[in-house]
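Chemist: Predicted model, plus sequence, below.
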Amino acid sequence: MLRTIAGVWKARDLRRRLLFTLFILAVYRIGVVIPVPGVNASLLQSIAAKSAFVGLLNTFSGGALYRYSIFSMSIYPYVTASIIVQLLSMGVIQQWEDWSKEGETGRAKLTQWTRYLTVFLGLVQSVAMTYSFTRQLGTGFIVDPSIWTYTLIALTLTAGTTFLMWLGEQITDKGVGNGISVIIFLSILSRLETVIPDIYTSWFYAHPDQLFLNILKVVVLLVVMTIMVVFVIFVQQGVRRIPVQYTQRQVGQRVYGGQSAHIPFKVNAAGVIPVIFATSILFFPTIIAQFFHGNAVANWFETNLSPTSWIYAAVEFVLIVGFTFFYTFVQMNPAQMAEQMQKNAGYILGVRPGKSTESYLIKLMNRLSLVGGLFLAIVSLIPLAFVGVTGLQGVAYYFGGTSLLIVIGVALDTMRQLEGQMLQRSYKGFIR
């Protein structure tokens, strides 16, 4: 890793990309501390101590929610909009399905619709959040409660999310890594500053007579975290290699083919996207329920879709497994892969070309998706067990499975992209 970073820093174009990414992330962190006008954000601390949902949302916003800053909603309206557009592009809206098959031009049109939907969802979420917090905290939350103040707050929050979406796109186009994932990655890492104080307050300060036991708890926590990190990296890097044989064919006076190769199938080809998608989907019902805070049905959603409830865990488990299948088949088309192999006179050993190859690839992808989905879902449930054993709810958001998967997954993907760029430069130098 250090060798890759050193190589990136020596390469002028890659260094420029890395510095541009760091600049955009610095702009993001500045926006986290810019408050929304007309709001007394200090009152939010009382809700934060009671609501696990608010605590988790604050973690993924990088601490912006507790300040009620312009980036309080983070990038999740955009993620939710992306999910909706991708689902509707799979046969629900024919025009969008046609666009998804038109290459770069079609994707540009779908991206534009994603932006429109992001603005709409941002408005809905901003109004729901402000309305819910006002009902729970009273009129003191809004300095000057009027229709113009509420409108200004909603527009400011929506503009912040839209600007954050634009920053993510800039990182993807001109920086390093996937911009949206990198922003979420930094948001989670920025909450590291709260972990040590929480551990000290809950263990050492609350029980000063149990010094040895508290030190033992910290050691066990570090060991468990190390094992989890190694396990996650091991599975994320796991690859199933499918051998492919290419037959010889003569074109003119030249003979092509006749070599062996392999197709690498990752155990978890979907990466951390299913986790991000599932979390975004589970945020939405709670946000809508905040419109009707005090209603029996709304209270049920707020209570049972809390990140510390087993109903939330069960729904998240199912969503993660489902999105793993969905996103794996979005990224890898078995029919297209089988057709390309047949065109290039290639075949998988022991499998007939054509439909048999396609069926074989579908079965293989289903098995790998099941393993990858179960892995992601099980790791994401760790916060519940962590809270039950330690009682450190705030620390669980950072050390929890969802946060850990996102941090490790984004770091691995970014490093893989950098290594690919360095490898490409090495090939160019070799050819020259």
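Modeler: Okay, I see it. It should be emphasised that the depicted structure is a prediction, and the values quoted were computed from it without experimental measurement.
Chemist: low pLDDT regions in the stretch 151-300 of the chain?
Modeler: Under the criterion pLDDT under 70, the flagged ranges of the stretch 151-300 of the chain are 248-258, 290-291, 293-294.
Chemist: how about the strands in this protein?
Modeler: All strands of the chain, identified by DSSP state E, fall at 239-246, 249-251, 254-256, 260-266, 346-348.
Chemist: Longest helix in the chain, please.
Modeler: As assigned by DSSP state H, the longest helix anywhere in the chain is helix 104-137.
Chemist: Okay, buried residues for that helix please.
Modeler: Residues of helix 104-137 classed as buried: 106, 110, 113-115, 117-119, 121-134, 136 (neighbour count, 16 or more other CB atoms under 10 Å). Yep, even glycine has a C-beta here, placed from its N, CA and C like the rest.
Chemist: Kindly report the same for stretch 94-105.
Modeler: Going by neighbour count (16+ other CB under 10 Å), the buried part of stretch 94-105 is 96, 99-100.
Chemist: Mind putting the residues you listed into a markdown table with pLDDT and distance to residue 246?
Modeler: Listed next are the buried residues of stretch 94-105 as a markdown table, based on pLDDT from 0 to 100; distance: CB to CB, whole Å:
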| residue | pLDDT | distance to residue 246 |
| --- | --- | --- |
| 96 | 80 | 37 |
| 99 | 81 | 34 |
| 100 | 77 | 30 |
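Chemist: Just the ones in helices from these, please.
Modeler: 96, 99-100.
Chemist: Need these in TSV (columns: distance to residue 382).
Modeler: Below are these laid out as TSV (distance: CB to CB, whole Å):
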residue	distance to residue 382
96	37
99	39
100	35
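Chemist: all helices of the stretch 51-200 of the chain, in order?
Modeler: For the stretch 51-200 of the chain, the helices defined by DSSP state H, counting those that start in this stretch occupy 52-60, 64-67, 76-88, 94-100, 104-137, 147-174, 179-189, 195-199.
Chemist: So which bits of the last one are buried?
Modeler: By neighbour count, and taking 16+ other CB under 10 Å as the criterion, the buried residues in helix 195-199 are residue 199.
Chemist: Point out the other elements, helices or strands, that that helix touches.
Modeler: Helices and strands touching helix 195-199, as assessed by 3 or more CB pairs under 8 Å, 6 or more residues apart in numbering; DSSP states H and E, comprise helix 393-399.
Chemist: repeat that for 10 Å
Modeler: The helices and strands touching helix 195-199, judged by 3 or more CB pairs under 10 Å, 6 or more residues apart in numbering; DSSP states H and E, are helix 211-236, helix 393-399.
Chemist: Correct me if wrong: residue 80 contacts residue 74.
Modeler: No. Between residue 80 and residue 74 there is no contact under CB atoms under 10 Å: 11.1 Å.
Chemist: Looking at those two now, which is surrounded by more residues?
Modeler: Neighbours were counted for residue 80 and for residue 74 using other CB atoms under 10 Å; residue 74 has more, 27 against 23.
Chemist: For that one, give its distance to residue 172.
Modeler: Counting by CB to CB, to the nearest Å, the gap from residue 74 to residue 172 is 17 Å.
Chemist: Send me stretch 125-137 as CSV with only the CA atoms.
Modeler: Output in CSV follows, covering the C-alpha atoms of stretch 125-137 (Å, rounded to 0.1, in the frame of the first residue of the first chain):
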residue,chain,number,x,y,z
GLN,A,125,-36.4,14.7,3.9
SER,A,126,-35.5,18.2,4.9
VAL,A,127,-39.1,19.1,5.7
ALA,A,128,-39.6,15.8,7.6
MET,A,129,-36.5,16.3,9.7
THR,A,130,-37.2,19.9,10.6
TYR,A,131,-40.9,19.2,11.3
SER,A,132,-40.0,16.2,13.5
PHE,A,133,-37.3,18.0,15.5
THR,A,134,-39.6,20.9,16.0
ARG,A,135,-42.4,18.7,17.4
GLN,A,136,-40.0,16.9,19.7
LEU,A,137,-38.0,20.0,20.9
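Chemist: Contact partners for residue 339?
Modeler: Going by CB atoms under 10 Å, 6 or more residues apart in numbering, residue 339 touches 333, 353-354, 357-358.
Chemist: Low-confidence ranges, the stretch 301-432 of the chain, go.
Modeler: For the stretch 301-432 of the chain (pLDDT under 70), the answer is 307-308, 383-402, 423-432.
Chemist: The same query, at a cut-off of 50, please.
Modeler: The stretch 301-432 of the chain contains residues with pLDDT under 50 at 429-432.
Chemist: just so I know, which of the helices of the stretch 51-200 of the chain lies nearest residue 304?
Modeler: Of all those, helix 52-60 sits nearest to residue 304, with 10.9 Å by CB to CB.
Chemist: returning to what we had before: just the strands of the chain: most buried one?
Modeler: Stretch with highest mean neighbour count among the strands of the chain: strand 346-348 (a mean of 20; mean count of other CB atoms under 10 Å).
Chemist: what's that one packed up against?
Modeler: Strand 346-348 packs on strand 239-246, strand 260-266, helix 334-343, helix 355-380, going by 3+ CB pairs under 10 Å, 6+ apart.
Chemist: Remind me what the longest one packs against, helices and strands.
Modeler: Contact analysis of helix 355-380 by 3+ CB pairs under 10 Å, 6+ apart lists helix 211-236, strand 239-246, strand 260-266, helix 273-289, helix 310-331, helix 334-343, strand 346-348, helix 401-431 as its packing neighbours.
Chemist: quick one, which of the ones you listed is nearest to residue 36?
Modeler: helix 273-289 (16.7 Å).
Chemist: Packing partners of that closest one?
Modeler: In terms of contacts (3+ CB pairs under 10 Å, 6+ apart), helix 273-289 is packed against helix 52-60, helix 76-88, helix 104-137, helix 179-189, helix 296-304, helix 310-331, helix 355-380, helix 401-431.
Chemist: Rebuild these as JSON lines, extending it with distance to residue 68.
Modeler: As requested, the helices and strands packed on helix 273-289 are exported to JSON lines (distance: least, CB to CB, whole Å):
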{"stretch": "helix 52-60", "distance to residue 68": "10"}
{"stretch": "helix 76-88", "distance to residue 68": "16"}
{"stretch": "helix 104-137", "distance to residue 68": "8"}
{"stretch": "helix 179-189", "distance to residue 68": "16"}
{"stretch": "helix 296-304", "distance to residue 68": "19"}
{"stretch": "helix 310-331", "distance to residue 68": "24"}
{"stretch": "helix 355-380", "distance to residue 68": "28"}
{"stretch": "helix 401-431", "distance to residue 68": "22"}
